[in-house]
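> structure for this input, please:
(one chain, ligands or ions: 1)
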Amino acid sequence: EKRIKSENTKSTPNPKPFGKGAQKGQKPNPLLEARKALPIWPHAQSIRAALKKNNVLVLTGETGSGKSTQVPQFLLSEPWCQKCIAVTQPRRMAAISLARRVAQEMSCPPPGRVPGAKVGYSVRFDNATGPHTRVKFLTEGMLLQEMVRDREMEEYSAIIVDEVHERSVNVDLILGFLKNLLSDLENGRLKKRKNPLKVVVMSATVDVGALVQFFGEGSKESEDTQQTLHSDVSSTLVGTQQNQDISTCYIEGRQYPVQTIYLPEPTQNWVESALIHIFQIHRKEPLPGDILVFLTGREKIEKLEKLVNEYAEGLEDSLPKLLVLPLFSALPQHAQQRIFMPTPHRTRKVILATNVAETSVTVPGVRYVIDCGKSKIKEYRNALGLESLLAKPISKSAADQRKGRAGREAPGKCYRLYTEDGYNGFADRTQPEILRCDLSHALLTMVAAGIGLRDVFSFPFLDPPPRGAIERAVALLHDIGAVTEEAEIANDALTMAKFPLTPALSRVLIEAATPERNCLEDVVDIVSALSTEDIFLNLANEERKKEDAEAARRGFYRRSGDHMTLLAAVQGYLEETSDRKAWCAKHFISHRAMQNVVKVRKQLLELCQRLSLVPNSSSSVDPPTANASPEEHTKRVLQCFARGFMRNIARLMPDGSYQTLVSKQTVAIHPSSVLYGRKTDYLLFTEFVFTNRAWVKGVSAPDVGALEEVMRKVVLGDGDGE
Ligand code: ADP
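Numbers count the residues shown, from 1 in each chain. Sure thing, here's the model as predicted:
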């Protein structure tokens, strides 16, 4: 810490205050002191110098060192920085909260369209940017969409790719696109810009070697350049270094020693084990010292939250209070913001988090970490041809990141709810998502950005996915008509890529807009509901309420299944004009989820209009399927879903189980479905979850008639002829 203090006083990087007011001797922003104390502050000057010299900077530093909030502010006043700076984030939660924070630090209005709002954000279905936005935090998916629209990224002076270590598919695509773009600019294949485009790649851990090599390889597109290096060179790079055309910078974080305590025996019951540890720490350890618990997901978090609160009621008065704060991506903004508030007097915070707290969010005050050793990981299940989220052991580097969270402000302790042998059995690093997920969305994005199907194989991937995975994705795109029989890109592919949806759901919308189906508005309602969190409150743990809820919701339930049920609920909500909140409470429906549905719906409808997807747009007053009977209408809607999800059709087998038509896998209807426990000849599902078995959610029971066309394709392998 001494070192940091002395550097702070010694070096006066003094990032220029931004905005005219600041120059006229405005009151200094109270947050300035906090900014100055960040480990990155003394590096401001060298970061600027590095980007003056080179167009690419690879910057590593521990979580919390100030990368995401400070780097854009350091660059804003640079002479080359005339336009906007983009900062990508893997999660919407981080994009929104960083934008708010940076706006505060810059003393400008919160993100939005108002004049003077210099900081904005753009996440799926929520764009808070305006004409004056100079720093734009956006999710990786949104930047990719912008890249599809304008591959030269003319709107931007700099693109900061943050949290690269998370290695989402999207970040890998962004890196590939940027590499291509930089080399096209350099080789004169694109028109010269007034100021060169600057790229900053930021990461919490140490794959500097791989990144430097990746960007340094220039345009040599030989086989061997696709290999990646995972050398840990960054540990030797303190300060800024120049390497050919790429600068690197390593920010030393603050790290106090953290004692690691393993379980003597492995446990299956880690929620209970976490509970015991929380109370042991609370009884033994002095204040201040908050506890951060890493769990797999919302469900486990809510379970533990309930347990901790129950047990806390029985604590003797002499002990400090416990304040339990959940933290996961789907949590609303104001609830997330609570983790940044100071801990009240005589209180210990217990933050129950998913891996968002591993690297994306810095939680102040933490001295004790409890790590369950697992996280939910997206995996492609080859046999099913579907993706699923599964709780799996984390990697050593993830475990070490988690542990590090205990030692940011003082020495700490990390309780690992697994044995030392368990830790030694973890993989060194988490495998990049691109090596274990369905690539059809990635491929669609690439294709829409002008990359030919054959060129996909030579795209500069940091870790090239196996050829088979790319071929599988091409086949999936063929299924939904994004790729023609002749392996050409179909016109529809470009439309599909413009929707912030999976290719399958985009296909469903396109289908709904055809004159034969003519049910776009209703399908938009359903797709909106499928794109947000569950609108029906989950009462699985509350038996008594469950019955009331069943009764209250019965009016929405449709025999055909979940999709038409969602539609009925959304329409019920839209028809309610007086008190929607009360309406939701009465029907055990999440008001917040419904508000989101309405937001998503509005944007999808606008997008459909822009893409000319509205049939009979001149007579849009007419309900789209005014002349169809209710049965016919349901049939059409389900036909649209069948077109997008043809691999997600299962047949009832003689033994009463369901088997998918294409991959011949056994699946079961999830208890959350209105069709749970029902038998029907065919199932069509839009979601798949693998826990102890292969469950399907979002299930409908279409008539065979509705499936005829698609079945012909599935069974006979008929082409589209598009
Ligand atoms: P890094 O990108 O290196 O992980 P950040 O720039 O995100 O670091 O965070 C630097 C510091 O800024 C954090 O330690 C935290 O104290 C503060 N901070 C970041 N976001 C917020 C926020 N939304 N509200 C309050 N403080 C924040």
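> which residues in the stretch 551-700 of the chain form strands?
For the stretch 551-700 of the chain, strands defined by DSSP state E, counting those that start in this stretch occupy the ranges 649-652, 658-660, 666-669, 682-690, 694-700.
> between those strands, which one is nearest to residue 636?
strand 694-700 (12.6 Å; CB to CB). C-beta here means a position set from N, CA and C on the backbone, and glycine is covered the same way.
> in the helix or strand just after the closest one, what counts as buried?
Using DSSP states H and E, the helix or strand that directly follows strand 694-700 along the chain is helix 704-716. Counting neighbours by 16 or more other CB atoms under 10 Å, one finds that the buried residues in helix 704-716 are 706, 707, 710, 711, 713, 714.
> for the spatially closest residue to residue 564 that is not a sequence neighbour, give me its contacts.
Distance criterion CB to CB, 6 or more residues apart in numbering; nearest residue to residue 564, sequence neighbours excluded, is residue 558 at 3.8 Å. By CB atoms under 8 Å, 6 or more residues apart in numbering, the residues touching residue 558 are 564, 565, 567, 568, 634, 674.
> out of those, who's nearest residue 194?
Once CB to CB is applied, the member of the contacts of residue 558 that ends up nearest residue 194 is residue 567, at 50.8 Å.
> contacts only, for residue 403.
258, 260, 369, 371, 414, 416.
> residue 539 too?
Under the criterion of CB under 8 Å, 6+ apart, the neighbours of residue 539 are 545, 546, 549, 588.
> need the contact list for the residue nearest to the third one when sequence neighbours are not counted.
When the adjacent residues along the chain are set aside, residue 549 lies closest to residue 588, with 3.7 Å between them (CB to CB, 6+ apart). Taking CB under 8 Å, 6+ apart as the criterion, residue 588 is in contact with 536, 537, 539, 545, 548, 549, 552, 553.
> and these, which of them are buried?
So, by 16+ other CB under 10 Å, the buried ones in the contacts of residue 588 are 536, 537, 549, 553.
> gap between stretch 547-565 and the chain center?
30 Å (CA atoms, centre = their mean, to the nearest Å).
> that stretch: which residues count as buried?
549, 553, 556, 558, 560, 561, 562, 563, 564, 565.
> quick one, strands of the stretch 51-200 of the chain?
56-61, 84-89, 119-123, 126-128, 135-139, 156-161, 198-203.
> Throw those into TSV and include mean pLDDT, distance to the ligand and mean neighbour count, thanks.
Shown next, in TSV, are the strands of the stretch 51-200 of the chain (pLDDT from 0 to 100; distance: least, CB to the nearest ligand atom, whole Å; neighbours: other CB atoms under 10 Å):
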stretch	mean pLDDT	distance to the ligand	mean neighbour count
strand 56-61	94	6	26
strand 84-89	97	10	25
strand 119-123	95	12	26
strand 126-128	89	15	19
strand 135-139	97	11	28
strand 156-161	98	10	23
strand 198-203	95	7	25
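> next, residue 415: phi, psi?
For residue 415, the backbone dihedrals are phi -100, psi 110 (criterion: degrees, to the nearest 10).
> before we move on, back to that, by neighbours, which of the contacts of residue 403 wins?
Highest neighbour count within the contacts of residue 403: residue 371, with 29 neighbours (other CB atoms under 10 Å).
> surely it is in contact with residue 291?
No: Residue 371 lies out of contact with residue 291 (CB atoms under 8 Å); the separation is 11.4 Å.
> remind me which residues of the chain are low pLDDT?
For the chain, applying pLDDT under 70 flags the ranges 1-27, 206, 218-244, 380-388, 540-541, 615-627, 714-722.
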